[in-house]
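Novice: sequence first, predicted model second:
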Amino acid sequence: YYTFVPHCSVLGRDCLVSRTGYTGEFGYEIYCAPQDAAPIWNALLENGKEEGILPCGLGCRDTLRFEAGMPLYGHEMDDTITPREAGLGFCVKMKKPDFIGKKALEERGPVTRKMCTLKITGRGIAREHQEVFADGKKVGMTCSGTHCPYLGGAYATAILDLPYNEVGTQVEVDVRGRRVAAEVVSTPIYNRA
């Protein structure tokens, strides 16, 4: 997992092949010279026909990474959301003597909000940057949201004040001026296994 081969021959062309896909599925990424991209792409589509291979775009990739609970910078992570708030505290070793950003994290103080996943139980689809309410007050903001075809429903990630991020908590998302019911559920919402 998360490894790569720096010089790998793909159709006789030198490529870097990595096992670093960002979808939660088993897959690879191929890095090649620009002039090799089209021939490799076409060969993959041709050779994968019997397996039902289909091209997909960023919308599909985004839905898959979302279902797998993989945060994306600009959504679940940005300059206002710390790694600890985004659920990436395991990447931040606060006991280390020093690292870039440690002082800024210390100055933020204790974590008072955390990322979670919402299952939209009302009618609507939450998107990013929509306010989340509980107990009559704003408790956070959505970070990503979409309809998940495999799961047959709408879901969103949200950064919510503690303790509103706890599984089972009932909240409402403001979807274009209308409050839509949602429930905090476990992350990830899909596991390939």
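Specialist: It's in.

Novice: quick one: the strands in the protein?
Specialist: 4-10, 13-18, 29-31, 113-120, 131-134, 137-148, 153-161, 170-175, 178-185 (DSSP state E).

Novice: output those in JSON lines, with distance to residue 94 appended to each entry.
Specialist: The C-beta positions use only the backbone N, C-alpha and C, and glycine is treated the same way. Shown next, in JSON lines, are the strands of the chain (distance: least, CB to CB, whole Å):
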{"stretch": "strand 4-10", "distance to residue 94": "30"}
{"stretch": "strand 13-18", "distance to residue 94": "30"}
{"stretch": "strand 29-31", "distance to residue 94": "32"}
{"stretch": "strand 113-120", "distance to residue 94": "16"}
{"stretch": "strand 131-134", "distance to residue 94": "28"}
{"stretch": "strand 137-148", "distance to residue 94": "23"}
{"stretch": "strand 153-161", "distance to residue 94": "20"}
{"stretch": "strand 170-175", "distance to residue 94": "29"}
{"stretch": "strand 178-185", "distance to residue 94": "26"}
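
Novice: of all those, which lies closest to residue 92?
Specialist: Proximity to residue 92 (CB to CB) singles out strand 113-120 among those, at 13.7 Å.

Novice: mean confidence for the closest one?
Specialist: What strand 113-120 shows for mean pLDDT is 97.

Novice: before we move on, what about stretch 166-179?
Specialist: The average pLDDT for stretch 166-179 rounds to 97.

Novice: hmm, who's touching it?
Specialist: For stretch 166-179, contacts defined as CB atoms under 8 Å, 6 or more residues apart in numbering pick out 116, 118, 120, 122, 124-127, 130-134, 139, 142, 145, 156, 158, 160, 163-164, 180-186.
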